[in-house]
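Colleague: pasting the sequence and the predicted coordinates here, then a few questions.
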Number of protein chains: 2
Amino acid sequence: MTSSQKNRMKSRDHNAHSVSLCAGHSGLTGGTGFIGSHCVVELIQANHSVTVISNLANSVTDSNGYPVSLKRVELITGKNIKFRKVDLLNLLDLEKVFEDEKFDIVMHFASLKGVGVSCKEPLKFYYSNVVGSLNLISVIINIKGRPHSSKPANTLCKKYCVKKFIFSSSPAVYGKPIKFPIKEEYATGVGITNPYGKSKYMIEKILNDITLIDKEWKIISLRYFNPIGAHPSGIIGENPTEIPDQLMPFIIQVLKRKLPYLTVFGNDFETPDRTCIRDYIHVVDAARGHLSALNRIANGKCGGFEMYNLGMGKGHSVMEIVKAMEYATGKNIPIKIMPRRLGDVPCLCCDPTLAAKNLNWKTTFTLDEMCRDVFNWLKKNPNGFDDEKKQELKQG
Amino acid sequence: MTSSQKNRMKSRDHNAHSVSLCAGHSGLTGGTGFIGSHCVVELIQANHSVTVISNLANSVTDSNGYPVSLKRVELITGKNIKFRKVDLLNLLDLEKVFEDEKFDIVMHFASLKGVGVSCKEPLKFYYSNVVGSLNLISVIINIKGRPHSSKPANTLCKKYCVKKFIFSSSPAVYGKPIKFPIKEEYATGVGITNPYGKSKYMIEKILNDITLIDKEWKIISLRYFNPIGAHPSGIIGENPTEIPDQLMPFIIQVLKRKLPYLTVFGNDFETPDRTCIRDYIHVVDAARGHLSALNRIANGKCGGFEMYNLGMGKGHSVMEIVKAMEYATGKNIPIKIMPRRLGDVPCLCCDPTLAAKNLNWKTTFTLDEMCRDVFNWLKKNPNGFDDEKKQELKQG
């Protein structure tokens, strides 16, 4: 990391340091993923003890099976990261992790993601996301074996974890909102068109119901809008997928010449430049939102089940993102206009007032900075984490 | 069974016989329960082959662990009923049953029920109902092990079951409907106040999504209103629970002098006699609704995911039910008026037109007949199935 990068990071972390954080042991499911790994950095830098839980389903690992993203996090933080490989659907192994670790809080990032993919494999999404979350909750409250399974419930022995929980939700829970910007009080669950969004909605409902009967539970659900960018160090970022489902990964594939042009779906929307407007946030801001939520829970301020929008509160159009990426990279991004996709609304932005008020959180990175960090990550890691693996295999 | 009872049953089963039924092998989860056991009778009488699947969680069994309700069904039908004890949460055992049985259709009755109880134990309800249903679906499409588990998916080997499914849903999915009578096209999921209803709603959403990507799936969800009554033979009926959550079981406890009076929640509703109106149907009509649904699927008429209200289309007030039960039993039922319960609406009745049109189904029993059959069952089995068990233990 260059010294200018270090200074930039320093100047940016006022959110994390503006609050008094309680040290504690956090368990992060999906901590090897894009947002999870950035959150591990923020937690470590705020002196938290962290254990990452992952099934490594979509993670690049080294020859020892250790996730490359965590090796990189170790590089940024100078600390060793504790890691446990476990699938949330494997209840017995999961229970063992909780027995060993005795977490003070759980941050639940693990999730299958992608609106399009979820429509093709609904059962897989409901299984991984809904059953995975139910397993996690049942382990925290220490139901030995599953309810109604052949194993008896044992609620008397020592608890494995305190009932503190932060959930990575999504604005997809709002379905088709009737008004913008979206406030947390707006209805959820109505008009959600894909299993991904429905699974997030179901989990929120389950979490809410659990807090209603047990006041010890403190749960914050974070509905973050479109996280892009990468760690300013350029050491961690989003590992590319073959078929990008979202705008920024799509642009990256075009920049890497893996795709000939960017498909822009619709230029006849009622927006200034006629293309769709969405609320983008820097992944480090998203990660810090989790830290702020953790702080609210640790300080005893969380009222039971709370949900917050994490967004900039203003949006950027597809063409604005394209231009910002052209500016950041100095390269031309060819586009092709195609018809609108079914269900795309002109503008999808949130009102982040509640997060500012209760979590003391707001976005700190501009769009240009998000684009610069994406490009920085891309320059240093043209193939994401895959290169490191290949290099290691070569050496090994 | 007396000859008059036999005649009565004969005259009643025109629904079942008015349609040409394909024989086949049906798997009934929860087939030992109130509605499930009545459905077994109807299926057997329509020459279907049936295997009952149950974890026996709430079932009375004989000294061999065989469900008493099925022994009684054997008494009515003169046939042996095949039974497999398995918990839907035990995926490996469940898979074994499907491997052995090769069902042509699955009817999914198994569910934790009770609005009040579900608010006290939400996690248990979500687990049993949602995960149980997901397991059932994943076994039918033969995903070996769970998705994302350590076991590889094996979708190439022989299917264990055809993709035909009938789901016992609930009008609870409508939440707080804005208009009455309730039509199937009305919104679901909005304003559901209890985990029981939410779990049914979630399952419907999952089932619907599955039919969207795989046109082989034919699923009918039956939202039946308040099933009461008992088999006209008096041989099977609803096994009593200690703390009744619904009107008829409550009345039964009063008739048995286990409770001093019936609590009537609210006599200030905007209804003719000021008490709540609900849509009651005879349990045999509910059971026949499943037979009609099976027939629609077997005849290739089901379009993918379909849902139907099963109700009389007109309601009866609490006081009408009390009077009808007093008339049927010749006994006085003391009542005590208490304030309204939170969320109770004056009238909850359905429009059963769609079921009449597509399923060729309508209710055939009157309220007086429902009450008579309850009393008949009650006279013959003052303690439900429990007496039989006690007697057997005494003899054994």
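Modeller: Looks like it arrived, so ask away.
Colleague: so where is the stretch 251-396 of chain A shaky, pLDDT-wise?
Modeller: A:392-396 (pLDDT under 70).
Colleague: how about the helices in it?
Modeller: With helices called from DSSP state H, counting those that start in this stretch, the stretch 251-396 of chain A shows them at A:283-298, A:318-329, A:353-354, A:367-380, A:386-395.
Colleague: got JSON lines for those, with mean neighbour count and distance to residue A:226 too?
Modeller: C-beta coordinates here come from the backbone N, C-alpha and C atoms, glycine included. Shown next, in JSON lines, are the helices of the stretch 251-396 of chain A (neighbours: other CB atoms under 10 Å in any protein chain shown; distance: least, CB to CB, whole Å):
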{"stretch": "helix A:283-298", "mean neighbour count": "26", "distance to residue A:226": "10"}
{"stretch": "helix A:318-329", "mean neighbour count": "20", "distance to residue A:226": "10"}
{"stretch": "helix A:353-354", "mean neighbour count": "16", "distance to residue A:226": "19"}
{"stretch": "helix A:367-380", "mean neighbour count": "20", "distance to residue A:226": "10"}
{"stretch": "helix A:386-395", "mean neighbour count": "12", "distance to residue A:226": "24"}
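Colleague: for stretch A:37-45, buried residues please.
Modeller: For stretch A:37-45, the neighbour count (16 or more other CB atoms under 10 Å in any protein chain shown) marks A:37-45 as buried.
Colleague: tell me the one of those nearest chain B?
Modeller: Chain B lies nearest to residue A:37 out of the buried residues of stretch A:37-45, by CB to the nearest CB, at 19.7 Å.
Colleague: OK, now which residue of the stretch 151-300 of chain A is nearest to chain B?
Modeller: residue A:209 (3.9 Å).
Colleague: any idea how far that residue is from residue A:215?
Modeller: 13 Å (CB to CB, to the nearest Å).
Colleague: one more: residue A:115?
Modeller: Residue A:115 is 35 Å from residue A:215, by CB to CB.
Colleague: mind checking which of those two has more residues around it?
Modeller: residue A:115 (17 against 10; other CB atoms under 10 Å in any protein chain shown).
Colleague: burial count for residue A:260?
Modeller: 9.
Colleague: could you point out which element follows the helix ranked longest in chain A?
Modeller: In terms of residue count, the longest helix belonging to chain A (DSSP state H) is helix A:195-213. Toward the C-terminus, helix A:195-213 is succeeded by strand A:218-224 as the next helix or strand (DSSP states H and E).
Colleague: in the sheet, which strands lie alongside that following strand, parallel or antiparallel?
Modeller: Pairing partners of strand A:218-224, with direction, according to DSSP bridges: strand A:164-169 (parallel), strand A:305-310 (parallel).
Colleague: quick one: closest of those strands to residue A:279.
Modeller: strand A:305-310 (8.6 Å; CB to CB).
Colleague: what angle do that closest one and helix A:283-298 make?
Modeller: Computed by axes from the mean of the first three to the mean of the last three CA atoms, to 10 degrees, the angle separating strand A:305-310 from helix A:283-298 equals 160 degrees.
Colleague: chain B contacts on chain A?
Modeller: By CB under 8 Å from any CB of the partner chain, the part of chain A that sits against chain B consists of A:55, A:57, A:87, A:89-90, A:119-124, A:126-128, A:130-131, A:134, A:137-138, A:141, A:143, A:146-150, A:187, A:189-190, A:195, A:198, A:202, A:205-206, A:209-210, A:212-213.
Colleague: out of these, which are buried?
Modeller: A:55, A:87, A:89-90, A:119, A:121-124, A:126-128, A:130-131, A:134, A:137-138, A:141, A:143, A:146-149, A:189-190, A:195, A:198, A:202, A:205-206, A:209-210.
Colleague: in CSV: the strands paired with strand A:218-224, plus mean neighbour count and distance to residue B:341.
Modeller: Formatted as CSV, these follow (neighbours: other CB under 10 Å; distance: least, CB to CB, whole Å):
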stretch, mean neighbour count, distance to residue B:341
strand A:164-169, 25, 31
strand A:305-310, 23, 23
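Colleague: okay if I get those strands as TSV plus distance to residue B:244?
Modeller: As requested, the strands paired with strand A:218-224 are exported to TSV (distance: least, CB to CB, whole Å):
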stretch	distance to residue B:244
strand A:164-169	35
strand A:305-310	31
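Colleague: which SS class is residue A:73?
Modeller: Following DSSP: H, G, I helix; E, B strand; the rest coil, residue A:73 is assigned to helix.
Colleague: surely it and residue A:39 touch.
Modeller: No. Contact between residue A:73 and residue A:39 fails when scored by CB atoms under 8 Å: they sit 9.8 Å apart.
Colleague: how much space between residue A:46 and residue A:24?
Modeller: On the measure of CB to CB, residue A:46 and residue A:24 end up 10 Å apart.
Colleague: contacting residues for residue A:120?
Modeller: residue B:213 (CB atoms under 8 Å, 6 or more residues apart in numbering or on different chains).
Colleague: and it, what pLDDT?
Modeller: We have a pLDDT of 91 for residue A:120.
Colleague: check residue A:246 too.
Modeller: pLDDT at residue A:246 comes out at 87.
Colleague: equivalent analysis for residue A:146, please.
Modeller: Looking at residue A:146, its pLDDT is 44.
Colleague: got it, and the one 10 residues further on?
Modeller: The predicted local distance difference test score for residue A:156 is 36.
Colleague: for the one 4 residues further on, same thing?
Modeller: Confidence per residue is given as pLDDT, and for residue A:160 that number is 69.
Colleague: cool, residue A:18 as well?
Modeller: 40.
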